[in-house]
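> give the three-dimensional model of this entry:
(chains A and B)
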Amino acid sequence: MKQNRFWAWVVFLAGAAYFVVPLVATFEFSLRMRRGYYSFDSYASVFSDPTFQATFSYSVIIGLFAIVMGIVVVVPAVYFVRLRMPWLRPFMEFITLLPLIIPAIILVYGYIRLYNSSSIIPFTGSALGTDILLVFAYVTLALPYTYRAVDTGMRTIDVQTLTEAAQIAGANTVQIITSIILPNILVAVLSGAFLTFAIVIGEFTIASLLNRPAFGPYLQNIGANRAYEPAALAIISFIITWGAMGMINVLGRFAPRTSARTD
Amino acid sequence: MTQPAATASPRRRLSFEWLGVAPFIIFALMFLAFPTLYLLAGAFIGRDGQFTFDNIAALFTDQIIAAYWISIRISGASAILGAAIGLAMALAIIRGRLPAPLRAAIMTFSGVASNFAGVPLAFAFIATLGRLGLVTIILKTVFGFDLYRAGFNLLSFWGLTLTYLYFQIPLMLLIIAPAIDGLKKEWSEAAQILGATPWQFWRYIGLPILWPSVLGTLSLLFANAFGAIATAYGLTGSSLNIVPILLYAQIRGDALQNPGLGAALALGMVLITACANIIYLVISARSERWMK
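Numbering: from 1, shown residues only, chains lettered A, B, ... in the order given. Down below sits the predicted model:
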């Protein structure tokens, strides 16, 4: 048993080295912009770049819309399937797994072909249309995670009883979903939202092929043209991802402790 | 629809349910099913609009076959190594009884690292193992070992595999940890009492139980690496000949080149990821047979 523990530490330390060294190296690299001594010049250079500010806020806005649309699409569907149409569940599971199997580049290629400017729904014909398409593309990318987060959230509350109680009190279905169900699964929904944000904020493939001025294509462009700023941007991206994941962890502590009726 | 309805107006209730599910279904059709099917069908349509196998036949050139082969090798290697190392780390953390706070920290970090893919990850590895990267320089100045003269290149099979492992290992760790938690302590105790060595326990009890989850994650990791483009593009630009980058270049130059060929490339990618998943389904169905 003691030997067991020794090997556990060896495996852990080797793994930790693999994961920590690139972070340290990247940070060190980002400080090297001035010859001779370390400085935060590369960060100053990044933050003062108007293109950074523009592309970053663009991606944040697209991300927020993707989160809202994801909730609108997923929450009512999961609610009704759980409440009245459990036979649809396998179908939902299958659909929501598809984005993990179909690569993003194929999705966006399909969008470009199907929704080009001469088609029935010419999403890519205008800037606004392409933005809308980008939002839905991100909803699709995040679908596996949003669906699972919401589904797990609904499992921990008693949907049936809550619905019946609300109906007796005279609430209509829209009220039930927005003011009874949604607040009760808020923690799960927010976890899904932060994960969506982490996936969307630096996304490259779709934004680049739809030609939108998003953060991902900006990152790539800087990588091809600058030396030290990419390292600074990698650190910034890592901190953003860490922030989003940290929020999910913090939220987890507020998850409701009630459980579903088991009959 | 013969569900017993509790209220007086079953028909209205039913239509309301469909109204709630409708956005999801319309969304799935518009942004998942139709675009993918439309694209894949395009693989069989020639420039003249007629049905043809020419686009599929056009895939069989040296460059495209080489691209598929490199992609399969990189995805396979990063999936297998990622799964093996991830499993080893999960076992070390959970069964090796490392301190609980450490475990929580590792799980959080895995959540971050598994999402830290794409262009920033490429930057991180350039800063680490690129020609001017920290590790490259330390190896050269402190140990007198020139990584690049020894034949290593970040823009190669091993370079890309090593980079992909940064998100593959944590993903494996996150997915497999619950399965390892499901291994009951009583099982290893029972095995021990019956005189099994730790190796025998893992060979005959532990791994067979974990096997379906390991294989399932393996196919997920494969698909994850096979479709990944941003990391490779950030590392190499369009210089590396792997399928997603080839397809990316093809889409960018769509107006000039043959759109049917792009669709055929996409069809090949979907078939390969689908294959990985079908292999998993078959094996897991087999390995679950005795568990009932």
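
> CA atoms for contacts and neighbours, from now on please.
OK.

> what's next to stretch B:151-171, contact-wise?
Stretch B:151-171 is contacted from outside by A:19, B:70, B:74-75, B:77-79, B:81-83, B:85-86, B:110-111, B:113-117, B:121-122, B:125-126, B:129-130, B:221, B:225, B:231-232, B:235-236, B:240, using Cα atoms under 8 Å, 6 or more residues apart in numbering or on different chains.

> in helices, which of the residues you listed appear?
A:19, B:70, B:74-75, B:77-79, B:81-83, B:85-86, B:110-111, B:113-115, B:121-122, B:125-126, B:129, B:221, B:225, B:231-232, B:235-236 (DSSP state H).

> which residues of the stretch 51-200 of chain B lie near chain A?
Along the stretch 51-200 of chain B, the residues adjacent to chain A under the rule Cα under 8 Å from any Cα of the partner chain are B:88-89, B:91-93, B:96-98, B:108-109, B:111-112, B:115-116, B:118-121, B:123-125, B:127-128, B:133-135, B:166.

> may I see the PyMOL selection of the buried members of these?
Under the burial definition 16 or more other Cα atoms under 10 Å in any protein chain shown, those of these that qualify are selected in PyMOL by:
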select buried, chain B and resi 88+89+91+92+93+96+98+108+109+111+112+115+116+118+119+120+121+123+124+125+127+128+133+134+135+166
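
> so is stretch A:193-206 next to chain B?
Yes. In this structure, stretch A:193-206 sits against chain B according to Cα under 8 Å from any Cα; the contacting residues are A:198-199, A:202-205.

> wait, stretch A:71-84
Yes. Among the residues of stretch A:71-84, A:72-74, A:76-78, A:80-81, A:84 lie within reach of chain B under Cα under 8 Å from any Cα.

> in that stretch, which residues are buried?
Applying a neighbour-count criterion of 16+ other Cα under 10 Å, the buried positions in stretch A:71-84 are A:71, A:73-82.

> neighbours around residue B:244, how many?
Other residues within reach of residue B:244 by the criterion other Cα atoms under 10 Å in any protein chain shown amount to 27.

> hmm, the strand or helix carrying residue A:14 in reach of chain B?
When elements are assigned from DSSP states H and E, residue A:14 belongs to helix A:2-30. Yes. Taking Cα under 8 Å from any Cα as the criterion, helix A:2-30 and chain B are in contact, through A:4-5, A:7-9, A:11-12, A:15, A:19, A:21-23, A:25-26, A:28-29.

> neighbour-wise, which one of these leads?
Result: residue A:26 is most packed of those (other Cα under 10 Å), 27 neighbours.

> what about the nearest residue to residue A:191 once chain neighbours are set aside, which helix or strand?
Nearest-residue entry for residue A:191: residue A:248, 4.9 Å, with adjacent residues in sequence omitted and distances by Cα to Cα, 6 or more residues apart in numbering or on different chains. When elements are assigned from DSSP H and E, residue A:248 belongs to helix A:229-252.

> give the other helices and strands that that helix contacts.
Where contact means 3 or more Cα pairs under 8 Å, 6 or more residues apart in numbering or on different chains; DSSP states H and E, helix A:229-252 is packed against helix A:2-30, helix A:41-47, helix A:186-201, helix A:215-225, helix B:100-115, helix B:119-129.

> so what touches that helix?
The list of residues contacting helix A:229-252 from outside it, by Cα under 8 Å, 6+ apart, reads A:23, A:26-27, A:29-30, A:42-43, A:45-46, A:187, A:190-191, A:194-195, A:197-198, A:202, A:219, A:222-223, B:108-109, B:111-112, B:115-116, B:120-121, B:123-124, B:127.

> if we go to 7 Å?
By Cα atoms under 7 Å, 6 or more residues apart in numbering or on different chains, the residues outside helix A:229-252 that reach it are A:26-27, A:29-30, A:42-43, A:46, A:187, A:191, A:194-195, A:198, A:222-223, B:111-112, B:116, B:120-121, B:123-124, B:127.

> cool, stretch B:259-266 as well?
A:106, B:39-40, B:42-43, B:45-46, B:55-56, B:58, B:247, B:250-251.

> low-confidence ranges, chain B, go.
B:1-14, B:254-257, B:284, B:287-292 (pLDDT under 70).

> pLDDT below threshold where in the stretch 51-200 of chain A?
When residues are selected by pLDDT under 70, none of them lie in the stretch 51-200 of chain A.

> residue numbers of it in contact with chain B?
Those residues of the stretch 51-200 of chain A that sit near chain B, judged by Cα under 7 Å from any Cα of the partner chain, are A:73-74, A:76-77, A:80, A:101-103, A:106-107, A:110-111, A:113-114, A:137, A:199.

> now do 8 Å
For the stretch 51-200 of chain A, the residues in contact with chain B under the definition Cα under 8 Å from any Cα are A:72-74, A:76-78, A:80-81, A:84, A:95, A:98-107, A:109-111, A:113-114, A:136-137, A:140, A:198-199.

> which ones among the residues you listed map onto helices?
Among those, the members that lie in helices (by DSSP H) are A:72-74, A:76-78, A:80-81, A:95, A:98-101, A:104-107, A:109-111, A:113-114, A:136-137, A:140, A:198-199.

> give the burial count for residue A:186, as a bare number.
Taking other Cα under 10 Å as the neighbour definition, residue A:186 ends up with a count of 17.

> could you do residue A:241 as well?
25.

> give me the pLDDT value at it.
According to the predicted model, the pLDDT of residue A:241 comes to 90.

> tell me the angle of the one helix or strand residue B:91 maps to relative to helix B:100-115?
Applying DSSP H and E as the criterion places residue B:91 in helix B:62-94. Between the axes of helix B:62-94 and helix B:100-115, defined by axes from the mean of the first three to the mean of the last three Cα atoms, to 10 degrees, the angle is 170 degrees.

> in helix B:62-94, what counts as buried?
The neighbour-count check on helix B:62-94 (16+ other Cα under 10 Å) flags B:64, B:67-68, B:70-94 as buried.

> ok, now how distant is residue B:95 from residue B:87?
When distance is defined by Cα to Cα, to the nearest Å, residue B:95 is 11 Å away from residue B:87.

> swap in residue A:7?
From residue A:7 over to residue B:87 (counting by Cα to Cα), the distance is 14 Å.

> buried subset of the residues of the stretch 51-200 of chain A next to chain B?
Buried residues within these, defined by neighbour count using 16+ other Cα under 10 Å: A:73-74, A:76-78, A:80-81, A:95, A:98-107, A:109-111, A:113-114, A:136-137, A:140, A:198-199.

> tell me if stretch A:33-46 is near chain B.
No. Taking Cα under 8 Å from any Cα as the criterion, stretch A:33-46 and chain B are apart, separated by no less than 12.6 Å.
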